[in-house]
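[1] sequence and predicted structure below; questions after.
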Amino acid sequence: KATVSVLNWGAPPLPGSSCVCWPQVCHNGPVKGWCAIGGFSMGPLHAACFGTLALVGAADAGIRMTRTVGEVAPQSAQVLGSGHGVAKGVMRAARGGGSVPLTMLDVLTYCEVAVGSRRTPLKVIVDTGSSTLAVPSNLCEAGKCVARCDTCFYDTELSATFERIPCESSFCKASVPTCAGEESCHFTVQYTDRSGETGDLLRDSVGLGGFAVGAMTFGAIRAISPPNEFSRLQVDGILGLGGKRLNYNIPTVVDEVVAAYNLPNVFAMAVGEQGVPDSGVLDIGTIDHAQYVTPLEWTPMTWDTWYAVKPVALAVGGEYVTENEYDFGYMTIVDSGTTFTFLPYKIYAQVKNMFREKYAHLPYVTSPSGGDDGTIFQQGLCYSNLPLEDFPVLHFRFEGGAAVSVPPHNYFTEAKEGRTTYHCFGIAPSGGQGEWTVPMTQTILGDTFMAAAYVVFNRANSSMGFAQRRAIPPAPPLPVQHNAANDIGTVLFIFLCIALCVFMANRLPPPARPDDRGAPPTATTPLLTSTNINRALKPTLSSGPKRTASKGRATVVVPDTV
């Protein structure tokens, strides 16, 4: 622990504010005035009493400052020296946004949050496909939760800022109408892979990177299904960043941070390299241009609850396997909480066939039986010594022109056993049953897709931005689309032209005849000749053989076909 000394004892706080040191950090208990962490002076605590702000010092100690009454003008507060707190991150000015380090393990991407007045550090999956922050707690029922470690849970009894939300409260009745006759407001979350958790909704302070939010509503888990769902993945809980409509309309951490710090309603993610700690980043309220090497390309967000987009084509290497947006299923979502990328079976089969046709020379792409057994397509089977550099790049194109190229070292997930590294094909079919699929016919762009890109979730104008994190050959140009409707329109246009020409030809004046005295025709009544007839019918003349018919003194060229 850092040594905390009290400076300028008794310095009064500004009117309407109450700033205290953490009781477990300041040896003399809660005090008003000045504090220092280690040898680094924090300055007057009341200078930063606005909203709720948590600051961390060189030894993971902190100062909690809470506004209790009235308004105090925001002023800056700083931690001098090096080091970071339990919720690792970059502390930036409120208007400039901030970044949270991400780590991508074998099957998931996680960050750290600090929960409660004790700032308990917990590892949580970063999930753009759900909207609930749920962490294990002392409320867990026996046998229904398996913790990652003995201290890896949030203890409501040890947090001085814990607030229970009664079931009969107006908030709970509005958010969770099914809650009745129970002591606390509850929540239930179930995910596509059939796992889930239940527990109590409550309020307490939450720290994320350099941000802190006081009295945030989140879930304290009572039961997990299966009980070891998080601990087997070496994490503690889950951080949902999806639309709040998925979470009883309760604001998410990003919602709270954007509101508390007056930031643009945008966040961005780079999930990082597998197994490399802190190689990814979650940017809130800002876009980090150092995270990508190609221009950001934008596509409309068709549904902001699940961050849905519209892909229009997919290529394997230089050849497209589909250019039909409807092949991608009823919805396509960008979901950092899903490891694999799931494609409707029709596209998945086309991808598999392209591999077998063009890349049969690569190991484990084909089998003597012609099926999936013993190949990279056998679900749940991973291989060592795969020459990833020889496998093709997958190119996704989206509405509006955005494109993401996914190289093989991203769409193959990595697993290690001892000193041996294995690679597993990270593309799977949707619309089926089983451990390695999802039951609905949809496209889920999971971590094996997101690892190739810096992904911007611009919730302010319902759009998403994609840019490559590494230099990769771009997607091949889309072939010229053959549209049958255009052919029909061309035929109709020609038919109308023929009809118009025939109509105009019938309205031409009859050829002038010599009068009884044999006078020549006048200039206003020219002879009808083959020359001017051909000019009138020119759009309808075919290039094939022609026949002629005589009408009086004029010769008319008649097309064989129209």
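    Done, it's in.
[2] count of neighbours near Cys140?
    20 (other Cβ atoms under 10 Å). C-beta: built from backbone N, CA, C; applies to glycine.
[3] next one: Ile221
    26.
[4] how much space separates it from Val253?
    Remark: distance between Ile221 and Val253 (Cβ to Cβ, to the nearest Å) = 16 Å.
[5] what do you get for Arg232?
    In terms of Cβ to Cβ, Arg232 sits 24 Å off from Val253.
[6] looking at those two, which is more packed in?
    Applying other Cβ under 10 Å to Arg232 and Val253 shows that Val253 carries more neighbours, namely 24 against 11.
[7] so the more buried one touches Met216, yeah?
    Yes: using Cβ atoms under 8 Å, Val253 makes contact with Met216 at a distance of 7.1 Å.
[8] mind listing the shared neighbours of the two?
    Leu133, Val206 (Cβ atoms under 8 Å, 6 or more residues apart in numbering).
[9] now Arg118: which helix or strand?
    Secondary structure from DSSP states H and E places Arg118 outside every helix and strand.
[10] just the one 4 residues further on next, same as before
    Taking DSSP H and E as the definition, Leu122 sits inside strand 120-127.
[11] tell me the helices and strands packed up against the helix or strand containing Ala212.
    Taking DSSP H and E as the criterion, Ala212 maps to strand 211-225. Judged by 3 or more Cβ pairs under 8 Å, 6 or more residues apart in numbering; DSSP states H and E, strand 211-225 is in contact with strand 52-56, strand 133-136, strand 196-208, helix 253-260.
[12] send the alpha carbons of the longest one over as CSV?
    Yep, that's strand 196-208 we're talking about. What follows is strand 196-208, C-alpha atoms only, in CSV (Å, rounded to 0.1, in the frame of the first residue of the first chain):
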residue,chain,number,x,y,z
GLY,A,196,-25.9,-17.1,-19.2
GLU,A,197,-26.2,-15.7,-15.7
THR,A,198,-28.7,-14.4,-13.2
GLY,A,199,-28.3,-12.1,-10.2
ASP,A,200,-29.2,-8.8,-8.7
LEU,A,201,-29.1,-5.3,-10.2
LEU,A,202,-27.4,-2.8,-7.9
ARG,A,203,-25.5,0.4,-8.0
ASP,A,204,-21.9,1.1,-7.2
SER,A,205,-18.8,2.8,-8.6
VAL,A,206,-17.1,1.3,-11.6
GLY,A,207,-13.7,2.2,-13.0
LEU,A,208,-12.7,1.5,-16.6
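[13] quick one: strands adjacent to it?
    strand 109-115 (antiparallel), strand 163-164 (antiparallel), strand 186-190 (antiparallel), strand 211-225 (antiparallel) (DSSP bridges).
[14] now the shortest one
    In the sheet, strand 133-136 lines up against strand 211-225 (parallel), strand 237-240 (antiparallel) (DSSP bridges).
[15] any chance you could list what contacts the shortest one?
    So the one you mean is strand 237-240. With Cβ under 8 Å, 6+ apart as the contact definition, strand 237-240 has outside contacts at 111, 113, 122-127, 129-136, 197, 208, 221, 230, 246-247, 252-253, 337.
[16] can you rerun that using 6 Å?
    Contact partners of strand 237-240, identified using Cβ atoms under 6 Å, 6 or more residues apart in numbering, comprise Leu122, Val124, Ile125, Val126, Asp127, Ser130, Ser131, Thr132, Leu133, Ala134, Val135.
[17] could you do the first one as well?
    Counting by Cβ under 6 Å, 6+ apart, the neighbours of strand 211-225 from elsewhere in the structure are 52-54, 98, 132-134, 136-137, 139-141, 144-145, 187, 195-203, 205-206, 250, 256-257, 260.
[18] buried stuff in the strand holding Ala212?
    211-214, 216-224 (16 or more other Cβ atoms under 10 Å).
[19] equivalent analysis for stretch 273-285, please.
    Buried-residue list, stretch 273-285, by 16+ other Cβ under 10 Å: Glu273, Gln274, Gly280, Val281, Leu282, Asp283, Ile284, Gly285.
[20] which two of those have the greatest separation?
    The span of the buried residues of stretch 273-285, defined through Cβ to Cβ, is set by Gln274 and Gly285 at 27.3 Å.
[21] which residues touch Glu256?
    Val213, Met216.
[22] hang on, I meant Leu362
    Asp390.
[23] please identify the helix or strand for it.
    Under the criterion DSSP H and E, no helix or strand holds Leu362.
[24] could you measure it against Gln378, distance?
    Taken as Cβ to Cβ, the span from Leu362 to Gln378 is 15 Å.
[25] try Ala403
    Ala403 is 30 Å from Gln378, by Cβ to Cβ.
[26] please apply the same query to Gln274.
    21 Å.
[27] repeat for Pro368
    Note on Pro368: its distance to Gln378, by Cβ to Cβ, is 14 Å.
[28] of these two, which one has the most company?
    Between Pro368 and Gln378, counted using other Cβ under 10 Å, the more crowded position is Gln378 (17 against 7).
[29] let me know the helix or strand that the closest residue to the more buried one other than its chain neighbours is in.
    Spatial nearest neighbour of Gln378, excluding adjacent residues (Cβ to Cβ, 6 or more residues apart in numbering): Asp372 at 4.8 Å. Per DSSP H and E: Asp372 is located in neither a helix nor a strand.
[30] doesn't Gln379 make contact with Asp372?
    No: Asp372 lies out of contact with Gln379 (Cβ atoms under 6 Å); the separation is 7.7 Å.
[31] okay, and the beta partners of Leu208?
    Val113, Phe211.
[32] kindly report the same for Thr103.
    Where Thr103 sits in a bridge, its partners, by DSSP bridges, are Tyr110.
[33] Ala452 versus that one, what's the distance?
    Taken as Cβ to Cβ, the span from Thr103 to Ala452 is 17 Å.
[34] any stretches of the protein with poor pLDDT?
    1-96, 181, 432-439, 480-491, 493, 495, 497, 501-562 (pLDDT under 70).
[35] where do the strands sit along the stretch 301-450 of the chain?
    308-309, 311-316, 319-322, 332-334, 341-344, 382-384, 394-398, 403-406, 412-417, 420-425, 427-430, 443-445 (DSSP state E, counting those that start in this stretch).
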